[in-house]
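S.K.: sequence first, predicted model second:
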Amino acid sequence: MRAATIHGPKNIQVESVPDAALRSSRDAVVAVTHACVCGSDLWAYRGTAPRRPGQRMGHEFMGTVEEVGSDVETLRPGDHVLAPFLWSDGECEFCADGMHACCRQGGIWGQPGADGGQGEAVRVPYADATLVRLPDAPEGPLVPALMALCDVMCTGHHAALAARVRPGSTVAVVGDGAVGLCGVLAARRLGAERIVMLGRHPDRVALARRFGASDIVRDRGTAAAERVRELTGGSGVPAVIEAVGTRDSLQTAIAIARSGGAVGFVGTPHGVGDRLDVRQLFDRNIALGGGLAPARAYLPDLLADVLVGELDAGPVFDLTLDLPDTPRAYAAMHERHALKALIRI
Ligand SMILES: [Zn+2]
């Protein structure tokens, strides 16, 4: 089969790899129909996150079940399924708590030894627990709406929960990538009344408004923090979503948080290290929550909203390419010509 692999910074290739195959009785093999490129894939693309030469790429996909192991009970060949970006066993103490991202048997697509989502097929461990069955073969605008659930929409939702967004909340979102934009949708879905988006890219700002942002702040750093405080009566924002993962963005998120408020951070940390201003969190009683999203826990509810047409993060996709063109998808996102790419397999 063919799959996307990485061979060094800015070197993505689509090449022949061993066919995905069952290894355990609880596995399924899924023939992938659609995959995506994630903003977090770009850390590997740029060489910031280490990868082994030839390692598979992609952790967002959906497709059709091709084969199931003898202990798989709920899935049959031919079923249409969506995968969260992590697999999980559904039965350890963390899965029981809804924290599937910390599953004892869990992992992420594309880690060494595992198939990646950007390829023709994927071996899925703990298939019953990991995969979510779809009612029909998705078509048209439902495809991008569903694909956003693999990671970015669940991650935006996780950030909104960690930021304690509730009906009537004022929320700020730091980061105008796909996750930040999904954070706007998630905050709106949870009943936020006012949503301030920090971003400056014209297309992304326009999409933020369409998703429910009421105010846009184009400044950065301390100027952004001042502007947000001005907009929100001087005391800051009770619920802040951080969706970038750099030291600057996390500092901005903490700076604009209202004393007693919460920051939900879901941008994969890069270069934050030990330089976080913990004293500020202490002095101002700011809660810092979030992390790797337990997408599997959120999928049933979010999927239900997508299927009835009440939730659609599909517009975050602004580029669709076929599997052989996957390297172009990375380049377009890296150069910020594309917000998020959908890959047809
Ligand atoms: Zn588990």
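M.R.: Received, thanks.

S.K.: which single residue of the stretch 101-250 of the chain ends up nearest the ion?
M.R.: Residue nearest to the ion within the stretch 101-250 of the chain: Cys103 (3.1 Å; Cβ to the ion). C-betas here are computed from N, CA, C, even on glycine.

S.K.: against Gly113, how distant is that residue?
M.R.: Plainly put, Cys103 is 17 Å away from Gly113 if you go by Cβ to Cβ, to the nearest Å.

S.K.: so which of those two has more stuff around it?
M.R.: Neighbours around Cys103 and Gly113, counted as other Cβ atoms under 10 Å, are more numerous at Cys103. The numbers are 23 against 9.

S.K.: just the pLDDT at the residue of the stretch 201-345 of the chain found nearest the ion, thanks.
M.R.: Nearest to the ion, among the residues of the stretch 201-345 of the chain, is Arg296, at 9.2 Å (Cβ to the ion). Arg296 carries a pLDDT value of 98.

S.K.: buried residues in the helix or strand harbouring it?
M.R.: Using DSSP states H and E, Arg296 sits in helix 295-307. For helix 295-307, a neighbour-count test (16 or more other Cβ atoms under 10 Å) marks Ala295, Arg296, Ala297, Tyr298, Leu299, Leu302, Leu303, Val306, Leu307 as buried.

S.K.: and what of stretch 207-220?
M.R.: The neighbour-count criterion (16+ other Cβ under 10 Å) identifies Leu207, Ala208, Phe211, Gly212, Ala213, Ser214, Asp215, Ile216, Val217, Arg220 as the buried residues of stretch 207-220.

S.K.: and Thr64, which of the three is it?
M.R.: Judged by DSSP: H, G, I helix; E, B strand; the rest coil, the three-state class of Thr64 is strand.

S.K.: can you list the weak-confidence ranges in the protein?
M.R.: Residue ranges of the chain with pLDDT under 70: 272-275.

S.K.: now do stretch 291-299: distance from first to last residue.
M.R.: Distance between the boundary residues of stretch 291-299 (Cα to Cα, to the nearest Å) amounts to 17 Å.

S.K.: brilliant, that's me finished.
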